[in-house]
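Colleague: Make a model of this:
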Amino acid sequence: MFQFGYELRGSSSAGLLAVDGLAQPLQAIMLAKDAIKYTDVLTIYTNDNSELATQLATQLAASPTIGAMSVDDRKILRFSEGTRASRSPRVIITFANGTETMEDFIHHRPLTRVANRFIDQLGLVVTPTGDIEAPLPFCRTNVSGVFAAGDCASVMKIIPNAIATGAYAGCGMSRELVKK
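Modeller: Have a look, this model is predicted:
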């Protein structure tokens, strides 16, 4: 919701899918607080993760929020497109128990994986989130002479970060090239 979402303002209800990278209370709550700016009611769906649901519910109860938030730990069977007379299509969530609910939008941040064999071929270290480990300031990987920048090396998959890390990696490469 950092780069997008303004076009969704005024929604009556929305959901946040707290799975994969968002299956952590800190991340889920942070993005839920971003999403609630655009909707009256927000439900955080944990997809059958009752432990996470309990943690989230406890944190929501203990902290003031901008709007109405709740947690739903039912197992999700599928998502499908619903319709309505105005604005964009809605999302129908069908649960394993056969019940359904409808949201104006669903916010989700899936885990990403670099789709290339070069990570294994080069022996690069990968973080738990699937990104190439390339710490700042020069985005150097664990392999000498190899740098990584942008979406493949950061949990923050946004254009300004890609530009900045690309510049950092360029500085790092230029420093190493002079040595060779």
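Colleague: Next, count neighbours for the closest residue to residue 55 other than its chain neighbours.
Modeller: When the adjacent residues along the chain are set aside, residue 55 lies closest to residue 25, with 4.7 Å between them (C-beta to C-beta, 6 or more residues apart in numbering). Just so you know, the C-beta spots here come from the backbone N, C-alpha and C atoms, and that holds for glycine as well. Residue neighbour count, defined by other C-beta atoms under 10 Å, stands at 18 for residue 25.
Colleague: got a list of what residue 25 touches?
Modeller: By C-beta atoms under 8 Å, 6 or more residues apart in numbering, the residues touching residue 25 are 52, 55-56, 59.
Colleague: Can you check which helix is longest in this protein?
Modeller: helix 159-179 (DSSP state H).
Colleague: who's in contact with the residue most central in space within the chain?
Modeller: In the chain, the C-alpha nearest the mean C-alpha coordinate belongs to residue 109, at 2.7 Å (C-alpha atoms, centre = their mean). If you count contacts by C-beta under 8 Å, 6+ apart, residue 109 has them with 20-22, 27, 31.
Colleague: quick one on the thing from earlier: ramachandran angles for the residue nearest to residue 55?
Modeller: Phi and psi for residue 25, reported as degrees, to the nearest 10, are phi -50, psi -50.
Colleague: Let me know the pLDDT of it.
Modeller: pLDDT, residue 25: 90.
Colleague: got it, and residue 6?
Modeller: 62.
Colleague: again, but for residue 70
Modeller: pLDDT recorded at residue 70 is 93.
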